[in-house]
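Colleague: Got a predicted structure plus its sequence, pasted below:
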Amino acid sequence: MSYLLDSHAFIWAILDRKKLSTNVYRLLEDASHPVFVSAVSFWELSLKHRLGKLDLTGISPEELPILAQESGFEFIPLKPSEAAGYHLLKADWHRDPFDRMLIWQAITHDLTLLSKDKTISQYQSVGLKQLW
């Protein structure tokens, strides 16, 4: 099984692992499963940092990919076909476009999304696998 970190789970994984659930913490300690960070998360975190909505505790958004690699995470790009197919995620429970794209990527790549967001769990009815 492979996993995709939601943006908040990624930040907690590199800056404050105490905020992770026991399940996610244990999973990240076990290097036998691939864990991905999406380019969408880097975009979201950079935007929130620029707007003053995210304090990265002394690191810059440009350092996030390096920290991800050092943590053993792999990258998943946003492919043109995923961006073009985004409209196929008909369910509209979550209004945040970043989260919706992460949901779409998790579904299309058959990844389990690691997210605390309870709203996201509604997408399990359309094929999302989620763990927290």
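Modeller: Thanks, I have it.
Colleague: Give me the outermost residue of this protein relative to its centroid.
Modeller: Distance to the chain centre peaks in the chain at Gly58, reaching 21.3 Å (criterion: CA atoms, centre = their mean).
Colleague: mind listing what's buried in the strand or helix carrying Ile14?
Modeller: Per DSSP states H and E, Ile14 falls inside helix 7-15. Counting neighbours by 16 or more other CB atoms under 10 Å, one finds that the buried residues in helix 7-15 are 7-14. To be clear about C-beta, it is placed using only N, CA and C from the backbone, and glycine gets the same treatment.
Colleague: try stretch 125-132
Modeller: 128, 130, 132.
Colleague: circling back to that earlier point, what's the residue farthest from the centre of the chain sitting at in phi/psi?
Modeller: phi 90, psi 0 (degrees, to the nearest 10).
Colleague: distance of it from Leu20?
Modeller: Computed as CB to CB, to the nearest Å, the Gly58 to Leu20 distance reads 20 Å.
Colleague: need the helices for the protein, in chain order.
Modeller: Remark: helices assigned in the chain by DSSP state H are 7-15, 22-29, 39-50, 64-70, 80-85, 97-108.
Colleague: could you dump the ones you listed to CSV with distance to Asp117?
Modeller: Shown next, in CSV, are those (distance: least, CB to CB, whole Å):
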stretch, distance to Asp117
helix 7-15, 8
helix 22-29, 13
helix 39-50, 13
helix 64-70, 20
helix 80-85, 20
helix 97-108, 7
